[in-house]
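*Asks:* compute the structure for the input listed below.
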Amino acid sequence: MILETFRLGGELTVRRLGYGTAQLAGRGYWGPRGDRADALAVLRRAVERGVTLIDTADNYGPHLAEELIAGALYPYPADLVVATKGGVVRTSDSAWHITGRPEQLRAMCEASLRRLRTETIGLYQLHRLDPEVPLAEQLCTLGELRCEGKIRHIGLDTVTAGQLTKALDIAPIASVQNRFNLIDRESEAVLEVCEANGLAFLPWFPLADGALTGEAAAALDTVAARHGASKGQIALAWLLHRSPVLCPTPGTGSLAHLEENLDAAAIRLTKADLTALRRPALH
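*Replies:* Here you go, the predicted structure:
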């Protein structure tokens with residue numbers, strides 16, 4: 001039986017298949033991708049289809065994705081969780097600067113609150129750990145923001161199993177966001193820690209950023225043909241079957257692609273399907 005929902009932080013029930021906003025920004029997550037009205041329509045349709053978990057970041061645009069979310073969905077439905085991220089500053093479409101000093105994290109969180117037009121962010125994720133700042137300082141800052149009611153739950157992005165274990169000794173972590181998909185399973189150890197501790201795992205690049213080719217594509221073609229589905233739908237269905245803590249949030253700026261992605265939640269893979277899809281992992 002495939003669970004359709006997950007209790008984030010043990011208390012926020014979300015649909016496991018969510019929506020990610022990175023593709024609403026342009027190349028390199030910089031500037032707008034297309035017409036604002038189209039982006040607003042995609043966000044609204046995602047919620048109409050039952051999405052209750054929307055993943056974003058302050059540097060998508062920068063700031064653009066958060067502003068679009070508020071423009072499309074405020075006032076927010078009671079069951080909607082908006083997960084945003086801070087800790088990275090962008091200065092161009094290819095420049096990313098990790099900034100984890102306490103005063104910076106606090107300022108970024110408060111700026112996200114203003115853009116999202118909310119008093120509390122459901123899930124605030126540290127986009128990258130700053131190697132120049134002690135882990136405890138970064139997490140204690142987020143813990144302070146949580147105590148102040150500005151953050152409901154804390155998440156981490158791109159961590160090792162060891163880093164996650166250390167973080168759990170410092171702060172109440174509710175989620176992890178690492179790269180994980182059918183052909184890239186390097187974060188299996190992180191997934192195991194998430195499973196052991198009831199943490200949500202939001203895999204980024206759940207569709208492998210368009211790289212589902214070669215051996216993976218052959219296996220996907222076979223399984224997709226059995227279900228009358230696309231390869232992307234099978235890749236998403238595989239994530240939902242792989243672990244009950246996996247909560248993929250595929251992104252798109254297309255209404256048609258959104259519908260296709262969300263339809264993947266209805267696909268039930270067989271043991272034969274899962275056996276076929278066990279082989280294509282590259283890592």
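
*Asks:* dump the residue contacts of residue 202.
*Replies:* Shown in contact with residue 202 (C-beta atoms under 8 Å, 6 or more residues apart in numbering): 18, 55, 83, 155, 175, 176, 177, 247, 248, 249. Yep, even glycine has a C-beta here, placed from its N, CA and C like the rest.

*Asks:* that one and residue 34: what is the separation?
*Replies:* Using C-beta to C-beta, to the nearest Å, residue 202 is found at 25 Å from residue 34.

*Asks:* for residue 244, same thing?
*Replies:* Distance from residue 244 to residue 34, by C-beta to C-beta: 35 Å.

*Asks:* same check on residue 138?
*Replies:* 35 Å.

*Asks:* that's a helix at residue 85, yeah?
*Replies:* No. Looking at residue 85 with DSSP: H, G, I helix; E, B strand; the rest coil, it is strand, so not inside a helix.

*Asks:* skipping its backbone neighbours, what lies nearest the spatially most central residue of the chain in space?
*Replies:* Centroid-nearest residue in the chain, with C-alpha atoms, centre = their mean: residue 202, separated by 4.4 Å. Excluding the flanking residues, the one nearest residue 202 by C-beta to C-beta, 6 or more residues apart in numbering is residue 177, at 4.4 Å.

*Asks:* now residue 72
*Replies:* Here the residue nearest residue 72, using C-beta to C-beta, 6+ apart, is residue 43, at 3.8 Å.

*Asks:* so who does the one you found touch?
*Replies:* Residue 43 makes contacts with 19, 21, 24, 54, 68, 69, 72, 73, as judged by C-beta under 8 Å, 6+ apart.

*Asks:* again, but for residue 175
*Replies:* Listed by C-beta under 8 Å, 6+ apart, the contact set of residue 175 reads 8-9, 83, 123, 125, 153, 155-156, 199-202, 247.

*Asks:* tell me the bridge partners for it.
*Replies:* residue 155, residue 200 (DSSP bridges).

*Asks:* surely residue 28 touches residue 96?
*Replies:* No. Here residue 28 does not reach residue 96: they are 9.6 Å apart, not a contact under C-beta atoms under 8 Å.

*Asks:* how near is residue 78 to residue 268?
*Replies:* 30 Å.

*Asks:* settle it for me: which of the two has more neighbours?
*Replies:* Neighbour count, other C-beta atoms under 10 Å: between residue 78 and residue 268, residue 268 has more, with 11 against 6.

*Asks:* where does that one land in three-state SS?
*Replies:* Going by three-state DSSP: residue 268 is coil.

*Asks:* which residues touch the spatially closest residue to it that is not a sequence neighbour?
*Replies:* Sequence neighbours aside, residue 2 is the residue nearest to residue 268 in space, at 6.7 Å (criterion: C-beta to C-beta, 6+ apart). By C-beta under 8 Å, 6+ apart, residue 2 lies in contact with 240, 241, 268.

*Asks:* before we move on, the earlier item: so the residue nearest to residue 72 sits in a helix?
*Replies:* Yes. Residue 43: assigned to a helix according to three-state DSSP.

*Asks:* the closest residue to residue 71 other than its chain neighbours: how many residues sit nearby?
*Replies:* Closest residue to residue 71 apart from its sequence neighbours, by C-beta to C-beta, 6+ apart: residue 40 at 6.0 Å. As a burial measure, residue 40 scores 16 neighbours (other C-beta under 10 Å).

*Asks:* ditto for residue 89
*Replies:* Residue 89: 16 surrounding residues under other C-beta under 10 Å.

*Asks:* name the helix or strand for residue 142, please.
*Replies:* Secondary structure assigned from DSSP states H and E places residue 142 in helix 135-147.
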